[in-house]
Each structure stands twice: as C-alpha cells, then as structure tokens.
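Q: compute the structure for the input listed below.
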Amino acid sequence: MERDALPVPREAYSAVRNQFNSSIILSKVSEYALKSRADRILGITQVDLYVPRLNFVFGEAQYLGKAALISLYRLKSEFYGHLPDTVLFKERAAKEARHEIGHTLGLDHCNNPDCVMFFSNSILDTDRKKTDFCERCHLQIVMRWKGT
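A: Alright, predicted model coming up:
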C-alpha cells in the first residue's frame, strides 16, 4: 500500500468560503490514481471541503472511477465543541471512506438511513448510519462486480 502525500492544490482554496473545493482536489487524486497500479485510491485530507452547491462535504468520489476523497476536518468531535473521542472519530472516518469508495463501485446514495451509502447532510446522519452497506447496496456491488 502506497502512502504518498500529495499537496493540496492552491487553486482549490476559496478565500470567500475559507474552504477547499473538493472537486479540484479529487481531480489531483484522480491524476495520481491513473498513474497508480492500485485498483482504487482514497485521498484523505485535513482541510474543510465544499462543492459549490453545498455548505460542506465530508468527501467526494468518481462514480465508477478509481479516485475518492474524504476530509477528516468535520469528523472530529472538537469541531462540534466536544472533547476528543478517538473511537467515534475512527468510526466516522471509516463510514465516510466506505461511503466514497462505494461511489467508485457504482453505488448511488441510498434512502435507507442505516446504510453507509445514505447521504450525510450533517454529522448526525453520519453517526446514525451503520458502517456497512445495506442488503440492497451490497447486492448491487455483488451483481455489478460478479465475474470481474
């Protein structure tokens, strides 16, 4: 497993929002993924991410692509004024990573609030959902990738 550090592109920063455009960072992760021999690449950053139509995002991924990105910035309890909680932080990071990798496997957002593919509009959604795919999403992965 390679663990190369890529710089956060300066052009991703929005001074107006004081955040970084996730799509610009994802494009750099994608460029790296195309050069890589890995099946999938998950970029992990500490900066606050956004896409133009939303206030923030926990991550972004290429649908049926090789690249995904998550931010740890809003996954920390301290962001919400609470004491650090390493267990909760790791659980949140695992959920968001699995969610974004799910998109690279061809999964859309799920309407089951327990499924890891449920869209997290807030940290409460992330905390409520489980770490696993629901039965329907799991079956979609199996059917899509059967025989590959």
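
Q: contacts and neighbour counts: CA atoms only from here.
A: OK.

Q: residue 34: neighbour count?
A: Using other CA atoms under 10 Å, residue 34 has 16 neighbouring residues.

Q: which residues touch it?
A: Contact analysis of residue 34 by CA atoms under 8 Å, 6 or more residues apart in numbering lists residue 66.

Q: now the helix or strand that contains it: how far from the chain's centre is it?
A: Secondary structure from DSSP states H and E places residue 34 in helix 22-35. For helix 22-35, the gap between its own C-alpha mean and the chain's C-alpha mean amounts to 13 Å (CA atoms, centre = their mean, to the nearest Å).

Q: for residue 115, helix, strand, or coil?
A: coil (DSSP: H, G, I helix; E, B strand; the rest coil).

Q: correct me, but it touches residue 128?
A: No. If you go by CA atoms under 8 Å, residue 115 and residue 128 don't touch, sitting 9.3 Å apart.

Q: now for residue 120: which residues touch it?
A: The contact partners of residue 120, by CA under 8 Å, 6+ apart, come to 58, 126.

Q: from residue 74, how far off is it?
A: According to CA to CA, to the nearest Å, residue 120 stands 12 Å off from residue 74.

Q: can you list residues touching both of these two?
A: residue 58.

Q: show me where pLDDT drops low in this protein?
A: The chain contains residues with pLDDT under 70 at 1-3, 147-148.

Q: which stretches of it form strands?
A: When assigned using DSSP state E, the strands of the chain occupy the ranges 13-14, 19-21, 41-45, 49-50, 59-61, 67-71.

Q: I appreciate the help and will end here.
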